[in-house]
Structures are given as structure tokens and as C-alpha cells.
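Visitor: kindly return the folded structure for what I paste below:
(one chain, ligands or ions: 1)
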Amino acid sequence: MMKTPSFEEFKIMDWDAMQALFADLLNEDLAEVNLTAWMTGWSDLRKLVDERYSRLSLATALDTTDEEAEAAYLTFIEEIYPQALAADQKIKEKLLESGLVPEGLEIVLEKMRTEVELFRDENLPLMTEERKLGTQYSKIYGAQTIDWEGEELTLTQAKSAMLTTDRDVRRDLWERITERQLADREATNDLWVEFMDIRSKLAANAGFADYRSFRWLQWTRLDYTPEDSKQFLKAIKETAVPAATRAYQRYTKRLGIDTLRPWDLRNNQTTFHLPAIQAFESQDEFIARVGGILTKLDPVLGGYFDAMREEELLDLMNRKNKRPGGFCTSFATTGQPFIFMNSVGQASDLRVLFHESGHAFHVFERVNLPYHHQWRPGMEFAEVASTAVELLAAPYLAEAQGGFMSEEDAAITQLLNVEEKLLFWPYMAVVVAFQHWVYENHQLGSDPESCDQKWAELIDQYMPAINWEGYQEVKKTGWHRKLHIHQAPFYYIEYGLASLGAFQIMVKAKENQAGALRDYRKALALGGTVSLPGLYRTAGAELAFDVSTLGEVVAMIEKDLAALERVIA
Ligand SMILES: [Zn+2]
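Guide: Residues are numbered from 1 along each chain as shown. As a prediction, this is how the structure comes out:
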């Protein structure tokens, strides 16, 4: 076989040069005796493609006005990536046809078989088209700014400014933000019609009557069904919705208001009657203290975080022309993670960094698996890795523990995080139920006005505590502002399931922290080599959809919230 190029050589290759590498693997005679060498060659090639994709994509996120970066990214996703996927597909087929099963690849092969069954050449240009629509969606929402007291604020900054006890200011900001978002209503609706059209074609080309069945398998969800998902929504309605309504009532009382308006929530965060918690001033301070907390939690995890600081794998602070949000990506050839986020120096940013650090730990832990193919667990478990760190780090937030704030502020921060997770389940249910409806009724689901109606209905069912009077248009168009619905359909229940798993790990850690973290790392190190239920079990949790499992966790959460409220009072 040919020698694997370095990333420096690979990143400037055009498709013709890359094609030779794929062809080499495809032409090799495959047998038991050369299976490991062949698999390693394939794995190395996938790492190169993976890293090229993530570096090009990251460059566009770091500076949305960098035209050169955007052009390079677009060239790659239009001219190279679809070809690489198609070639990779042929190699998968070759392995499956050989009947050989490389050690540790059993689960991966089952997923591959699913992918091969779904794969259609004619879907590749459609998927490129869909990705481009996704980029347009990002552009629309990334360009939104508002004028505020003579300054231009990004929406991230504007939402941060909403963390004030001055309710009029909150309302004014909220109105400014939503007005700006509504200005893009038609553009978003137009994109939606295109998204839906592409999705029905994707499903039909692969021989499916509906997009959901196709998408479910595209996410290779082999361990649970759409019915399980609906069962989880039912469990939420029975347990989390009433608990969330009680939480909203306490919250309304804390704010000293009679009725809860949308501007009283800031991504479901309360403001109390305290000034916004300013947690840190610079990226250096942010990194240093978070590193300290993680080391206390678990020295191995702290070591990973220190390595990221040393290798400059963190870009954390918000600035104009940076893509909104936070994520962890990775550079596959070296097995290094990279964390991107938009911190403005507040306590809520801590949660995001702990979360993304959990993803980064996954990258570190799985790196010793022999093949790139084995790295990815289902997202249902990937989000356990991240969410657990948020919860496990909570006891170290106070300055006395090496953290950022007073005992009281730490209790408030912890309460906000736990409360937010409780309040998330009903919102998640809206997003998931909405998509079940959209794809069960493809024609109606392609009509933005019907979508508006359905969204409003679901909000009334799952989040009845919020008073939207006078703002029906904003209420109805909530689905516009949920990027997953547009860019990653049906990717959302993962967060809710994972949150349940993470709370289960937290329960274990309360009894034995070192043991719980050892199990946590053990599960991360398995990558995607065992089933989801197996990963959950290794981590000390259980993949569950039923009323009683969720009900128990919700009851524990309500108890914890009551205890935290006593500390604060
Ligand atoms: Zn995540």
C-alpha cells in the first residue's frame, strides 16, 4: 500500500490526488492476514479527511467575515467531501462483502451495514445542498445585531445584557432582539420550504415513505425507536412538566412579579434580585480556575485540560464576527480536541466550558482505540460525557473551593444549572414533538404557517407557565430560533436522555466520587465499541425512557433545589 501522507501534505491535495489513496485501499486484496494493516491504512485516511473538514469549518467559525476561509470550506464541501464520502462508502462495502470482522468493530460494522443500506449516490448532491442551506441559516442568524444605547450588540451580548434586575430593560432588550429576529421571518420560512423539499427527496431516494424513518437510521439509532422517543415525551409530560411548573412558580415569586413573561427568562435562567454574577475577566483567569476545579474533580481530567491550555486548543471569548454558540471539535490525526465558545465573562459561561470540556475528555480517552471508526459513540452518550462534567464540577464553584465566587453565588449558580436542566425537558419535548409532527405530516410540516400553529400549541401543552400575551408572532416562530430543527433534524432528544444519564452519574458521585469518575472515564474510553445501553451501564447509569426512572430523578432534583434555596435564603 501507499505511504500515508502527513496532514501538511494532505491538506492541499485536490480530489485527484486523494482519489489515489482511496483507490489503493479499494484495490488491495483483503484477507485475514492483511486485515489489520488495511484497517489502519483506512483509519489513517479517515483521520486526514476528518481533520481537514474540522479545520476548514473551524476557520469559518472563528471569523465569519474571512472570505478566504469560507471559500476554502465551500470548495472542500462541494468538490472534495462528497467524493471522499462516496469513496469511503465503497471501502465500507468492500469490508462488509469480505465477511471479515476486525476485532472490536462488531458494533461499528452493524452501523456501517445500516449506512450502506441507506446510501444512495443521488443523495450526495442533495446533502451538499442541505449543508449549504444550513450555512445560509447560520449566516442569517450570525449577522443579527441590535442597536442598544448607541452601541451595536451581537445577540449573544444582548442576551447577556438581559441578565439584569431591571425588568423594563429586560423587556426592551427582548423586544429589540425578537423584532430583529422577526425581520428574518420570511427568509427563514423560505429556507424551511427548501429544507423540507430536500428531506423528502433524501428519504424517497433511499426507499423510505417518510423522512423520520430515514433520519432515525441516518443517526444510526439502533438502540431505540421513535416510539421510545414518544414514550420519553410522555414521561416528561407526567413528571417534568408539573415539576417545571412548580419551579416557575417559585421563580416568579423570587422575582416578585405576578405573571411570568418571556423576557423574565433568559435561556431559562433566573436573575434573582442580585446583580448578574460576574465570574471572571479574562480568558487566562477563566482557563486557570477551570483547570484547577477539574484537577480537584479528577487529576486525570485536570491533566487533559492543562494539555489543552499548553497546546492553545481553546478559543473562548466572544467577539464580533465569531459564529455564535460553543462546541468542541477535534483534530483527528493528532487526537487533539479544540474548544470554541463565546464567553462574555459570566457564570453561565462556566457551564458551557465544563460541558465542552466533557466532550474534549472523550476525545482524549478514546484516542487509544486502534481505529478512527471506533471513536464515535452515539450522541446520546456523547452528551452524557459533557453534561456529567457540568454537574460534577458544581461543588467547586465557590472561591473557597478554588472557584470563582462566594458560597451564596455558587449556590445560586448551581441552582440555576439544575433548574435549567429541569426546565429543559419540557422545552426539549416541544422541539422533539414538533419534529415528530413535521415529519409525520410532511405536507403540513412544509407549510410555515401550520408550523407556527403547531409550535404554539406545543408550547401551551408543555410550557404553560409562560405568559405570551401580546406577542403571539414571537411565540409562534420559536421553531425558527431552534437551529437543530433546521441544521440537525431530530438531534435533540440526545440532550434530554443524556441529562438523565448525567444526573444518575451525579447520584453515584455523591457516594463515591473517585469511583464514579473512574467509571465515567472507563465508559468514555470505549468510544463507540459497545451499544448505548452498554455505555450507560459502564458509566454507572441506565438508558431509560419510562415514567418511573425520570420520575425518580425529577424528585431528587426537586429535593436538591429546595436545599439550595435554603442556602440562598
Ligand atoms: Zn454537547
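
Visitor: identify the residues contacting residue 327.
Guide: Taking C-beta atoms under 8 Å, 6 or more residues apart in numbering, we find residue 327 in contact with 61, 339-341, 356, 359. In this view, the C-beta of every residue, glycine as well, is placed from N, C-alpha and C.

Visitor: now residue 54
Guide: Remark: with contacts taken as C-beta under 8 Å, 6+ apart, residue 54 is in contact with 329-332, 338.

Visitor: which residues does residue 237 contact?
Guide: 429, 461-462.

Visitor: could you list the low-pLDDT ranges of the stretch 151-300 of the chain?
Guide: Applying pLDDT under 70 to the stretch 151-300 of the chain picks out residues 266-277.

Visitor: repeat that with 50
Guide: Low-confidence regions of the stretch 151-300 of the chain, defined by pLDDT under 50, span residues 267-270, 273-275.

Visitor: tell me where it has helices.
Guide: Using DSSP state H, counting those that start in this stretch, the helices of the stretch 151-300 of the chain run over 155-161, 167-182, 185-205, 211-218, 226-235, 241-255, 283-297, 299-310.

Visitor: of those helices, which approaches residue 569 most closely?
Guide: The closest of these to residue 569 is helix 241-255. By C-beta to C-beta, the value is 9.8 Å.

Visitor: quick check: buried residues in the closest one?
Guide: Residues 241, 243-244, 247-248, 251-252, 255 are the ones in helix 241-255 that count as buried (16 or more other C-beta atoms under 10 Å).

Visitor: give me the helices and strands touching the least confident helix or strand in the chain by mean pLDDT, please.
Guide: Least confident element among the helices and strands of the chain, by mean pLDDT, DSSP states H and E: helix 155-161 (a mean of 88). Other helices and strands packing on helix 155-161, by 3 or more C-beta pairs under 8 Å, 6 or more residues apart in numbering; DSSP states H and E, are strand 145-148, helix 167-182.

Visitor: let's see that helix as PDB, backbone CA atoms only.
Guide: Listed in PDB are the C-alpha atoms of helix 155-161, where the atom choice follows Å, rounded to 0.1, in the frame of the first residue of the first chain:
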ATOM      1  CA  LEU A 155     -27.400  38.800  20.100                       C
ATOM      2  CA  THR A 156     -25.100  36.900  22.400                       C
ATOM      3  CA  GLN A 157     -24.200  40.300  24.000                       C
ATOM      4  CA  ALA A 158     -27.700  41.500  24.000                       C
ATOM      5  CA  LYS A 159     -28.900  38.300  25.800                       C
ATOM      6  CA  SER A 160     -26.200  38.700  28.300                       C
ATOM      7  CA  ALA A 161     -27.300  42.300  28.900                       C
END
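
Visitor: follow-up on the earlier one: now flag whichever of the contacts of residue 54 is closest to residue 452.
Guide: Scanning the contacts of residue 54 for proximity to residue 452, where the rule is C-beta to C-beta, the winner is residue 329, at 33.9 Å.

Visitor: what's the neighbour count on the closest one?
Guide: The burial count assigned to residue 329 is 23, neighbours taken as other C-beta atoms under 10 Å.

Visitor: isn't residue 243 right up against residue 554?
Guide: Yes: at 5.0 Å, residue 243 counts as touching residue 554 under the criterion of C-beta atoms under 8 Å.

Visitor: now the common contact residues for those two.
Guide: Any residue near both residue 243 and residue 554 by C-beta under 8 Å, 6+ apart counts here, and that gives residue 422.

Visitor: can you classify residue 536 as helix, strand or coil?
Guide: Residue 536 carries the three-state label helix when classified by DSSP: H, G, I helix; E, B strand; the rest coil.

Visitor: next one: the one 5 residues further on
Guide: When the structure is reduced to helix, strand and coil (three-state DSSP), residue 541 reads as coil.

Visitor: likewise for the one 4 residues further on?
Guide: The three-state label for residue 545, taken from three-state DSSP, comes out as coil.

Visitor: now do the end-to-end distance for stretch 371-389.
Guide: The straight-line separation of the ends of stretch 371-389 (C-alpha to C-alpha, to the nearest Å) is 26 Å.

Visitor: now do that stretch, average pLDDT.
Guide: Predicted confidence along stretch 371-389 averages 94 (mean pLDDT).

Visitor: and for stretch 35-55?
Guide: pLDDT averaged over stretch 35-55 equals 97, rounded to a whole number.

Visitor: report the distance from it to the chain centre.
Guide: 24 Å (C-alpha atoms, centre = their mean, to the nearest Å).

Visitor: can you check stretch 67-85 too?
Guide: Here stretch 67-85 is found 23 Å from its chain centre; the criterion is C-alpha atoms, centre = their mean.

Visitor: list the buried residues of that stretch.
Guide: By 16+ other C-beta under 10 Å, the buried positions in stretch 67-85 come out as 69-70, 72-74, 76-77, 80-84.

Visitor: residue 524 reaches residue 361, doesn't it?
Guide: Yes: counting by C-beta under 8 Å, residue 361 is a contact partner of residue 524 at 6.2 Å.

Visitor: common neighbours of these two, please.
Guide: What both residue 524 and residue 361 touch, as defined by C-beta under 8 Å, 6+ apart, is the set residue 385.

Visitor: how about the strands in the stretch 351-500 of the chain?
Guide: With DSSP state E, counting those that start in this stretch as the criterion, the stretch 351-500 of the chain has no strands.

Visitor: quick one: the helices in it?
Guide: Going by DSSP H, counting those that start in this stretch, the stretch 351-500 of the chain shows helices at 379-393, 407-440, 442-445, 448-462, 472-476, 483-487, 493-511.

Visitor: let me have these in a markdown table, adding mean neighbour count and distance to residue 20 as columns.
Guide: Supplementary listing: the helices of the stretch 351-500 of the chain in a markdown table, determined by neighbours: other C-beta atoms under 10 Å; distance: least, C-beta to C-beta, whole Å:
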| stretch | mean neighbour count | distance to residue 20 |
| --- | --- | --- |
| helix 379-393 | 25 | 34 |
| helix 407-440 | 22 | 41 |
| helix 442-445 | 16 | 42 |
| helix 448-462 | 18 | 47 |
| helix 472-476 | 17 | 53 |
| helix 483-487 | 18 | 33 |
| helix 493-511 | 22 | 38 |
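
Visitor: the nearest residue to residue 65 once chain neighbours are set aside: how many residues sit nearby?
Guide: If you skip the residues right next to it in sequence, residue 65 has residue 321 as its closest partner in space, 4.8 Å away by C-beta to C-beta, 6 or more residues apart in numbering. Here the neighbour count serves as a burial measure; for residue 321 (other C-beta under 10 Å) it reads 12.

Visitor: and the pLDDT for residue 321?
Guide: Per-residue confidence for residue 321 comes out at a pLDDT of 92.

Visitor: which residues sit in contact with it?
Guide: Counting by C-beta under 8 Å, 6+ apart, residue 321 makes contact with 63-65.

Visitor: circling back to that earlier point, dump the contacts of residue 327 to CSV, plus neighbour count.
Guide: Converted to CSV, the contacts of residue 327 look like this (neighbours: other C-beta atoms under 10 Å):
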residue, neighbour count
61, 20
339, 22
340, 19
341, 21
356, 24
359, 21
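
Visitor: would you turn the helices and strands packed on helix 155-161 into JSON lines with mean neighbour count and distance to residue 497?
Guide: Below are the helices and strands packed on helix 155-161 laid out as JSON lines (neighbours: other C-beta under 10 Å; distance: least, C-beta to C-beta, whole Å):
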{"stretch": "strand 145-148", "mean neighbour count": "16", "distance to residue 497": "35"}
{"stretch": "helix 167-182", "mean neighbour count": "17", "distance to residue 497": "29"}
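
Visitor: export these to TSV and tack on distance to residue 188?
Guide: Formatted as TSV, the entries for those read as follows, by distance: least, C-beta to C-beta, whole Å:
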stretch	distance to residue 188
strand 145-148	17
helix 167-182	9
